[in-house]
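# my questions are about this predicted structure, shown below with the sequence.
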Amino acid sequence: NAGVMQNPRHLVRRRGQEARLRCSPMKGHSHVYWYRQLPEEGLKFMVYLQKENIIDESGMPKERFSAEFPKEGPSILRIQQVVRGDSAAYFCASSHGQGGLYNEQFFGPGTRLTVL
Amino acid sequence: GIQVEQSPPDLILQEGANSTLRCNFSDSVNNLQWFHQNPWGQLINLFYIPSGTKQNGRLSATTVATERYSLLYISSSQTTDSGVYFCAVGDSGAGSYQLTFGKGTKLSVIP
């Protein structure tokens, strides 16, 4: 049973470019979460999605960041006009649902974004 | 929001030694997970343990939800145990299932 897949694993962008990060949840999981780990900081929640719905985006920066989880295909975290401060590791997690053991979140290997 | 504090922040162990890592949280939780972030940056699930006790090999964990803390025990430590250990909790009152992470305990196991 494949785990959470993220690609690319490493992404280099110049200031002002766009970054697209992809996440395929574990088989059977319909809940996706994105987290960001800035250097020397812990992991911070960004957004929680279910298929075609954003459930909680309270951790997303108000500008330049967006996320989607379409009916078909992976979840996408999009960062427009990247700045150096966006350099971080971005982790995707998935869970089966809510309630009891369904709460458990499983993390992908992360995408390490470097903005030059 | 819920606060998560981990201690100690850093820990150096001789190979073979035992250790206890602590996680305190400020409110009731519907989720508590322990992770190991290895030197390559990958987050490995150790335990899903919002309450009770679990064991997996040399690792075990206990969460006392009523007193708002969790403990992770590592016995007979090995160099491959090195890395950062994170505790993360889900706030049962928040209406969302986001995890709030502690700052982690950085463990170094030396031969």
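That came in fine, so what should we check first? Numbers count the residues shown, from 1 in each chain, chains lettered A, B, ... in the order given.
# so where do the strands sit in the chain?
As the question left the chain open, I've gone with chain A. Using DSSP state E, the strands found in chain A span residues A:5-7, A:10-13, A:19-24, A:31-37, A:43-50, A:53-56, A:65-68, A:75-79, A:88-95, A:106-107, A:111-115.
# let's do chain B instead
In chain B, the strands defined using DSSP E lie at B:4-7, B:10-14, B:19-25, B:29-37, B:43-48, B:52-56, B:59-64, B:69-74, B:83-91, B:99-101, B:105-110.
# mind putting those strands in a markdown table, mean neighbour count included?
Placement of C-beta: from N, CA and C, glycine included. Output for those, formatted as a markdown table (neighbours: other C-beta atoms under 10 Å in any protein chain shown):
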| stretch | mean neighbour count |
| --- | --- |
| strand B:4-7 | 18 |
| strand B:10-14 | 14 |
| strand B:19-25 | 19 |
| strand B:29-37 | 22 |
| strand B:43-48 | 19 |
| strand B:52-56 | 12 |
| strand B:59-64 | 18 |
| strand B:69-74 | 20 |
| strand B:83-91 | 24 |
| strand B:99-101 | 25 |
| strand B:105-110 | 17 |
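# quick one, which of the ones you listed is nearest to A:H96?
Within the strands of chain B, the stretch nearest A:H96 is strand B:43-48; the backing value is 11.5 Å (C-beta to C-beta).
# who are the packing partners of the closest one?
Here strand B:43-48 touches strand A:106-107, strand B:29-37, strand B:52-56, strand B:59-64, going by 3 or more C-beta pairs under 8 Å, 6 or more residues apart in numbering or on different chains; DSSP states H and E.
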